[in-house]
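Participant: what's the 3D shape of this:
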Amino acid sequence: MDEALLLRVWHEFWQQDVPYVLTLAVLVTLILLRVLPAERRRITNTFGFFALSVLGQLGAAFVGALGFTRSGNVAFEFMLFGAGLALINLLGLLLFRMLLPRLRIDVPRILEDVLVILAYVAWGMVRLRYSGVELGSLVTTSAIITAVLAFAMQDTLGNILGGLALQLDDSISLGDWIRIDELSGKVVEIRWRYTAIETRNGELAVIPNSVMMKNKFFVQGRAENLRTPSRASTRRWIWFAVDYAVPPSRVIETVEAAFAAAQIANVARTPAPSCVLMEFGNGYGKYALRFWLLDPQPDDPTDSAVRVHILATLQRAGMRIAVPENALHITKENERYRKAVRSRSFDRQLAALQEVELFASLEPNELAQLAERLVYAPFARGDVLIRQGETANWLYLLIKGDVDVWYEPEGEPRRFLKTLYGGSVVGEMGLLTGEARRATVSARTDVECYRLDKSVFEQVIRARPEVVESIAVTLTAREQELESLKREVAKAPAAARSRANDDSLLRRIRRFFNVD
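Facilitator: Numbering: from 1, shown residues only. Alright, predicted model coming up:
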């Protein structure tokens, strides 16, 4: 082969910048192979393409040296363009996969692809400019072609832009758990065209990005939260039913106390599990235990473990899961049965009256008369039994639970007076005088009461009017105690003469019941 030909080929190929480009490509490739072993295949393929492009430039120079100048120049430009693409790809890996992560800068994969493609386009335009192509006319022609392609590929472009938007606005990230329609799973890939979701069954659902953008989806757990072992991600609801025979407050307290002490895998301790009464069924209360998952993946096994704990908790407390109320309960009701039921209820009511100091002067038959007409009145914690300033002609006998007595001066914060327990009465002034309530009484705990109405007590008063005197003495002492507590909390001096010390209280009772 002619030595002059070889020199001409070498002169065309070995430009001034070629050694630097080759050195840069080799160094970047070696660094990437060491730092990014997971990307080894992509790195070697890219460097292989670069090497082939460089050899192609050498071949194109040889073709030009043989006299095929135009063909050689075209081939050389193509090979040079290919080598530039490969080098841009390697530099992109170096920047986005090694340098920026070490600076704690996380660039979305789609944005990385966009920037690399823009670099490809810029490199292509540079080579076209050096080849003598007029870019102005090319841009005009390209705009028409682009418009046609955009119209024909609007769905594809929608997917691409949707994927880019999902990454840029941080709607979802790799590792997030999301739910779209009935599909729930972990985001394992966000590509140009689609988002891939791996379900709990190991299935890979491919959802076009345009669908993600047009429809609502729910992020059930963020990837950064899931990496923290004790951080809650998703709240779950477990439903169960308990018969009305068990007070709702007891069900809620029992279940919450059990779960506060239990150690259940994948159940967060904070926020703590909570039990709520959600609705009333036909013969049962429908409850829900709400708790937070640490990891959304094993949702069904965690639900199963929680149900086991609920059942065990209820059984320990002597409660049972309610059966569907379509079961027919038949009781043979005869006079003997009804009498037994009335007797049990009457005994409880009579015992409650016998514990009340206010009625100590009543005869057994009078207590029995009142006991038959008592009305059962339960209150939940936080309920108000009576409110200061209101008028009502009845009193409550506390048989179970605690209540707080509050004084509410006008225009000032309310003030605590005392706590009453089972066996106490509240509202006696309203029953005996009809006057407005002088304090507010609220349930500190769940409370069970009996209500005694004026119409019932009036029968006893009219039958034996003298009983009013002994009741007035007891009522006077209670009124003095209440007024003393009010003065104490208000830090007011004692009055020279309390109205409770006056026999006007006895007159007010007699006037209220129309007895002399």
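
Participant: what's around the residue lying closest to Leu226 once chain neighbours are set aside, how many residues?
Facilitator: Distances taken as Cβ to Cβ, 6 or more residues apart in numbering place Ser233 nearest to Leu226, at 6.0 Å, with adjacent residues excluded. (Glycine included, C-beta is placed from N, CA and C.) Residues near Ser233, counting by other Cβ atoms under 10 Å, number 21.

Participant: Next up, the contacts around Ser233.
Facilitator: Neighbour list for Ser233: Trp177, Gln220, Gly221, Arg222, Asn225, Leu226, Trp292, Leu293, Leu294, Asp295, Pro296 [criterion: Cβ atoms under 8 Å, 6 or more residues apart in numbering].

Participant: quick one: strands adjacent to the helix or strand encompassing Arg179?
Facilitator: Secondary structure from DSSP states H and E places Arg179 in strand 177-180. According to DSSP bridges, strand 177-180 forms sheet pairs with strand 183-190 (antiparallel), strand 218-221 (antiparallel).

Participant: Select from the contacts of Ser233 every entry located in strands.
Facilitator: Of the positions in these, Trp177, Gln220, Gly221, Trp292, Leu293 sit in strands, assigned by DSSP state E.

Participant: Verify the stated contact: the second one with Ile180.
Facilitator: Read it as Gln220. No. Between Gln220 and Ile180 there is no contact under Cβ atoms under 8 Å: 10.7 Å.

Participant: ok, back up a step: find me the pLDDT at the residue nearest to Leu226, would you?
Facilitator: For Ser233, the pLDDT comes out at 77.

Participant: same thing with the one 10 residues further on?
Facilitator: According to the per-residue confidence, Asp243 scores 91 in pLDDT.

Participant: need the helix or strand of the protein with the lowest average pLDDT.
Facilitator: helix 135-152 (a mean of 59; mean pLDDT, DSSP states H and E).

Participant: low pLDDT regions in the chain?
Facilitator: Across the chain, the ranges flagged by pLDDT under 70 are 1-9, 11-13, 132-170, 227-230, 324-342, 490-503, 516.

Participant: Centroid-nearest residue for the chain?
Facilitator: Arg235 (5.2 Å; Cα atoms, centre = their mean).

Participant: measure the residue lying closest to that one once chain neighbours are set aside to Met213 for me?
Facilitator: Closest residue to Arg235 apart from its sequence neighbours, by Cβ to Cβ, 6+ apart: Trp292 at 5.2 Å. Taking Cβ to Cβ, to the nearest Å as the measure, Trp292 falls 29 Å from Met213.

Participant: next one: Leu90
Facilitator: Counting by Cβ to Cβ - Leu90 and Met213 are separated by 33 Å.

Participant: now do Arg193
Facilitator: Arg193 sits 13 Å away from Met213, going by Cβ to Cβ.

Participant: Please identify every residue contacting each of the two.
Facilitator: Where contact means Cβ under 8 Å, 6+ apart, no residue is in contact with each of Arg193 and Met213.

Participant: follow-up on the earlier one: among the contacts of Ser233, who's most crowded?
Facilitator: Trp177 leads these on contacts (other Cβ under 10 Å) with 27 neighbours.

Participant: correct me, but that residue touches Phe217?
Facilitator: No. Trp177 sits out of contact with Phe217 when judged by Cβ under 8 Å, with a separation of 10.9 Å.

Participant: Now for the residue nearest to the centre of the chain: which residues touch it?
Facilitator: By Cβ under 8 Å, 6+ apart, Arg235 lies in contact with Arg290, Phe291, Trp292, Leu293.

Participant: follow-up on the earlier one: list the residues that contact the residue nearest to Arg235.
Facilitator: The contact partners of Trp292, by Cβ under 8 Å, 6+ apart, come to Ala232, Ser233, Thr234, Arg235, Arg236, Val267, Ala268, Pro271, Pro273.

Participant: May I ask which of those has the most neighbours?
Facilitator: Greatest neighbour count in these, by other Cβ under 10 Å, goes to Pro273: 23 neighbours.

Participant: Would you check how far apart it and Glu448 are?
Facilitator: When Pro273 is compared with Glu448 (using Cβ to Cβ), they lie 28 Å apart.

Participant: Same question for Gly382.
Facilitator: Going from Gly382 to Glu448 by Cβ to Cβ gives 15 Å.

Participant: Which one's more surrounded, the two?
Facilitator: Neighbours were counted for Gly382 and for Glu448 using other Cβ under 10 Å; Glu448 has more, 16 against 10.

Participant: Quick check on the more buried one: phi, psi?
Facilitator: Main-chain dihedrals, Glu448, degrees, to the nearest 10: phi -110, psi 130.

Participant: right, and it touches Asp402 too?
Facilitator: No. Using Cβ under 8 Å, Glu448 is not in contact with Asp402, being 11.4 Å away.

Participant: tell me the SS of Gly422?
Facilitator: At Gly422, secondary structure determined by DSSP: H, G, I helix; E, B strand; the rest coil is coil.

Participant: Now do the same contact list for it.
Facilitator: So Gly422 contacts Leu398, Ile399, Lys400, Gly401, Asp402 (Cβ under 8 Å, 6+ apart).

Participant: how close does the fourth one sit to Arg414?
Facilitator: In this case it means Gly401. From Gly401 to Arg414 the distance is 20 Å (Cβ to Cβ).

Participant: neighbour count winner among the two?
Facilitator: Per other Cβ under 10 Å, whichever of Gly401 and Arg414 has more neighbours is Gly401, with 20 against 14.

Participant: I'd guessed that one sits against Ser442; true?
Facilitator: No. Gly401 lies out of contact with Ser442 (Cβ under 8 Å); the separation is 11.4 Å.

Participant: could I get the strands paired with strand 177-180 as JSON lines with distance to Ile31?
Facilitator: Output for the strands paired with strand 177-180, formatted as JSON lines (distance: least, Cβ to Cβ, whole Å):
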{"stretch": "strand 183-190", "distance to Ile31": "27"}
{"stretch": "strand 218-221", "distance to Ile31": "36"}
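
Participant: ok, and which of those strands has the densest surroundings?
Facilitator: The highest mean neighbour count among the strands paired with strand 177-180, using mean count of other Cβ atoms under 10 Å, belongs to strand 183-190: a mean of 18.

Participant: Extract the C-alpha set from that strand and format it as CSV.
Facilitator: Only the C-alpha atoms of strand 183-190 are listed here, as CSV (Å, rounded to 0.1, in the frame of the first residue of the first chain):
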residue,chain,number,x,y,z
LEU,A,183,-55.2,-1.2,42.0
SER,A,184,-52.7,-0.9,44.8
GLY,A,185,-49.0,-1.5,44.8
LYS,A,186,-45.4,-0.1,44.9
VAL,A,187,-44.0,2.1,42.2
VAL,A,188,-41.0,0.3,40.8
GLU,A,189,-40.4,2.2,37.6
ILE,A,190,-41.3,5.6,36.0
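
Participant: picking that back up, got CSV for the contacts of Gly422, with distance to Val456 too?
Facilitator: Converted to CSV, these look like this (distance: Cβ to Cβ, whole Å):
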residue, distance to Val456
Leu398, 18
Ile399, 17
Lys400, 22
Gly401, 23
Asp402, 26
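
Participant: Domain boundaries for this protein, per the record?
Facilitator: Domains of the chain are assigned by automatic domain parsing as 3-152, 168-226, 234-316, 344-513.

Participant: Can you tell me which of the ones you listed is nearest to Val323?
Facilitator: With Cβ to Cβ as the criterion, Val323 lies closest to domain 234-316 of the domains of the chain, at 8.2 Å.

Participant: so how far is the first residue of that closest one from its last?
Facilitator: Using Cα to Cα, to the nearest Å, one end of domain 234-316 lies 29 Å from the other.
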